[in-house]
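Trainee: Predicted model follows, preceded by the sequence.
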Amino acid sequence: MELKLTKALSRNACDFINDEYLEGLLKPSQPDRHRVTDIIAKSLAKEPLQVEETAALVMSEDPETVEKIYEAARELKRTVYGNRIVLFAPLYIGNYCINDCSYCAFKRSNPDAERRTLTPEDIEFQVRALEGKGHKRLILVFGEHPRYNAEFIAKTVRQVYGIKNGRGEIRRVNINAAPLDHAGYRIVKEAGIGTYQIFQETYHHATYAKHHPNDTMKGNYLWRLDGLSRAFESGADDMGIGALFGLYDWRYEVLGLVTHSLHLQKKYNVGPHTISFPRLRPASGVTVDSRYLVKDDDFKRLIAILRLSVPYTGMILTARENPEIRRTVMEFGVSQIDAGSRIELGGYTEVGDAQVMEKEQFSLGDTRSLDEVMRELMLMGFVPSFCTACYRLGRTGEQFMEFAIPGWIQEYCTPNALSTLMEYLVDYASPETRESGLCLVASEVEKISNAPIRATLETYLERIRTSDDRDLYF
Ligand code: SAM
Ligand code: SF4
């Protein structure tokens, strides 16, 4: 039985994913090399690509062209985002779920899942533990259940912002939860959320139907596809899209993500703030069909192609991936990663080092500590950042898109990255990490060509080093 929804969709909502058209773009043929060169040049000029242009990149198999795509992705990352990598941590709030997504350990039909919703006391413990490690940005994750309605999410967000641990505080709370209706988004927006993430999982209709039973909320493809349009119309203009890679052909999902991004851009003049591209992981009670699992080489390609297709959209790589893969793909355009993550309910204080499958949604590939990841990032030449300035100064949505002009990013984001990195080094880092971090900060400050900005930054860094002053940003 199909579940009927009575709630309103967004203005002129439509199902803008045309399977036949997208499949047609993926018909075997090698795109003309000159055309691909032109497409790469367009992307390097920071123009978003059309879906047909993305398809040409996706269909390019010859090693020379693939290498050109990698090189362009590296360059675009350098010119648009610089060498910053923003860090965050996930916090699972509750795993009750009314849906039955085939791939997820939280599905209602999994009898082995230990169900739990963190109490306010539990949340306090978890957040204090995360703050004690140096985290400033969290993403709260919820199953889909009536008990996790908009009011509950908003209450949780407010609580998280209010929890302090010495100099530690959470400055940005993002959400990954079920799609809401207009009124729901207004409620969570009021609580001061950052990005609202909804992954379509797969854009391919038949595959979507196969993995999300018809008689569940999530079985309604359009309600989910339209989820971020309703968010935008309700003022929650900071949106994150994503696909779960491994359910269907990765090439198709890339076209789906780009179509979704172009749709939001055309309808609201604002594209998504972030794109996520999780790969399917083993999970308790889940049998994974290996047919569409994405190989490491293809994963690398899809990240580089997404970078070229949506030059101004942040790209999130999670700890589902192992450290080796993370190291390899980071340079192709990733702008945010999580670190020190635990995804068991209560995992930051209650379980040991080993993962507990019955308590988590899927298993993680990277369980290193935040300090270890920070140190490695810096050794690789990245500047880890905990910056939250844009969202707090209201630079989101359309404003953010305007703001994301290359020179501006360098002038604001890099100094903010350095001041938040200095906070981490002074307050939380191990001696070894602190040592490499201080050298990195000094050399990065040298590179800032705008003299007034460099001078202000130097005073900020000195205040952080020598006093209790924190949260100094541009
Ligand atoms: N319940 C909400 C939903 O489904 O949108 C939000 C939270 S869900 C816990 C977050 C995301 O985890 C899902 O959108 C899905 O893409 C991802 N996920 C679920 N099972 C997974 C698995 N076995 N491996 C990797 N990612 C998975
Ligand atoms: Fe529930 Fe989300 Fe897991 Fe689906 S992916 S079973 S909606 S928690």
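Mentor: Received, thanks. Numbering: from 1, shown residues only. Ligands and ions are numbered 1, 2, ... in the order given.

Trainee: mind checking the SS state of Y348?
Mentor: State at Y348, reduced to three classes by DSSP: H, G, I helix; E, B strand; the rest coil: coil.

Trainee: average model confidence for the longest strand seen in the chain?
Mentor: With DSSP state E setting the assignment, residue counts place strand 84-94 as the longest strand in the chain. Taken as a whole, strand 84-94 carries a mean pLDDT of 96.

Trainee: Who are the packing partners of it?
Mentor: In terms of contacts (3 or more C-beta pairs under 8 Å, 6 or more residues apart in numbering; DSSP states H and E), strand 84-94 is packed against helix 120-133, strand 137-142, strand 172-176, strand 336-338, helix 370-379, strand 383-385, helix 406-427. C-beta coordinates here come from the backbone N, C-alpha and C atoms, glycine included.

Trainee: Is it possible to get JSON lines of these that adds mean neighbour count?
Mentor: Below are those laid out as JSON lines (neighbours: other C-beta atoms under 10 Å):
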{"stretch": "helix 120-133", "mean neighbour count": "18"}
{"stretch": "strand 137-142", "mean neighbour count": "23"}
{"stretch": "strand 172-176", "mean neighbour count": "24"}
{"stretch": "strand 336-338", "mean neighbour count": "23"}
{"stretch": "helix 370-379", "mean neighbour count": "20"}
{"stretch": "strand 383-385", "mean neighbour count": "25"}
{"stretch": "helix 406-427", "mean neighbour count": "21"}
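
Trainee: For L91, find the nearest of those.
Mentor: strand 137-142 (5.1 Å; C-beta to C-beta).

Trainee: List just the one of the helices and strands packed on strand 84-94 that sits closest to R33.
Mentor: Among those, helix 406-427 sits nearest to R33 (C-beta to C-beta), with 28.0 Å.

Trainee: moving C-terminal of the closest one, what's the next helix or strand?
Mentor: Once the chain leaves helix 406-427, the next helix or strand it forms, by DSSP states H and E, is helix 431-447.

Trainee: got the angle between that next one and strand 84-94?
Mentor: 130 degrees (axes from the mean of the first three to the mean of the last three C-alpha atoms, to 10 degrees).

Trainee: And helix 431-447, what's buried?
Mentor: Neighbour-count burial for helix 431-447 flags 433-434, 436-438, 440-441, 444-445 (criterion: 16 or more other C-beta atoms under 10 Å).

Trainee: Now do that helix: everything it contacts.
Mentor: For helix 431-447, contacts defined as C-beta atoms under 8 Å, 6 or more residues apart in numbering pick out 371, 374-375, 378-379, 383, 414, 418, 421-422, 424-426, 429, 454, 457-458, 461.

Trainee: what residue lies at the spatial centre of this protein?
Mentor: For the chain, I316 is the residue whose C-alpha lies nearest the centre (C-alpha atoms, centre = their mean; 3.7 Å).

Trainee: For it, give me the pLDDT.
Mentor: Reported pLDDT for I316: 96.

Trainee: what kind of secondary structure is it in?
Mentor: Going by three-state DSSP: I316 is strand.

Trainee: Same check on the one 10 residues further on?
Mentor: On the three-state scheme (three-state DSSP), R326 is labelled helix.

Trainee: now it: how far from R172?
Mentor: Distance of R326 to R172, computed by C-beta to C-beta, to the nearest Å: 22 Å.

Trainee: domains of the protein?
Mentor: When the chain is parsed with automatic domain parsing, its domains come out as 77-368, 399-466.

Trainee: Flag every residue of the stretch 101-250 of the chain that's near ligand 1.
Mentor: 103-104, 141-144, 176-178, 198-199, 201, 244 (C-beta under 6 Å from any ligand atom).

Trainee: Name the residues of stretch 203-219 that are buried.
Mentor: 203-204, 207-208, 211-213, 216-219.

Trainee: rewinding a little: now do the longest strand of the chain against strand 172-176, angle only.
Mentor: Using the same axes, to 10 degrees: strand 84-94 against strand 172-176 is 60 degrees.

Trainee: Leaving out the residues flanking it, which one is nearest to R368?
Mentor: P323 (6.3 Å; C-beta to C-beta, 6 or more residues apart in numbering).

Trainee: Would you mind measuring from F299 to P278?
Mentor: Counting by C-beta to C-beta - F299 and P278 are separated by 11 Å.

Trainee: can you list residues touching both of the two?
Mentor: With C-beta under 8 Å, 6+ apart, F299 and P278 have common neighbours F245.

Trainee: the more surrounded of those two?
Mentor: Per other C-beta atoms under 10 Å, whichever of F299 and P278 has more neighbours is F299, with 22 against 18.

Trainee: Just the element for that one, please.
Mentor: Here F299 sits within helix 296-309, counting by DSSP H and E.

Trainee: For that helix, which helices and strands make contact with it?
Mentor: So helix 296-309, by 3+ C-beta pairs under 8 Å, 6+ apart, packs with helix 33-44, helix 51-59, helix 63-76, helix 250-268, strand 314-317, helix 323-330.

Trainee: Next SSE downstream of the longest one?
Mentor: Same thing as helix 250-268. Assigned by DSSP H and E, the successor of helix 250-268 is strand 274-276.

Trainee: Give the rounded mean pLDDT of that next one.
Mentor: 96.

Trainee: List the contacts of that strand.
Mentor: Against strand 274-276 from outside (C-beta under 8 Å, 6+ apart): 195, 197, 199, 240-243, 257, 261, 306, 310, 313-316, 318, 336.

Trainee: does ligand 2 sit close to it?
Mentor: No. Strand 274-276 lies apart from ligand 2 when judged by C-beta under 6 Å from any ligand atom; the minimum separation is 13.0 Å.
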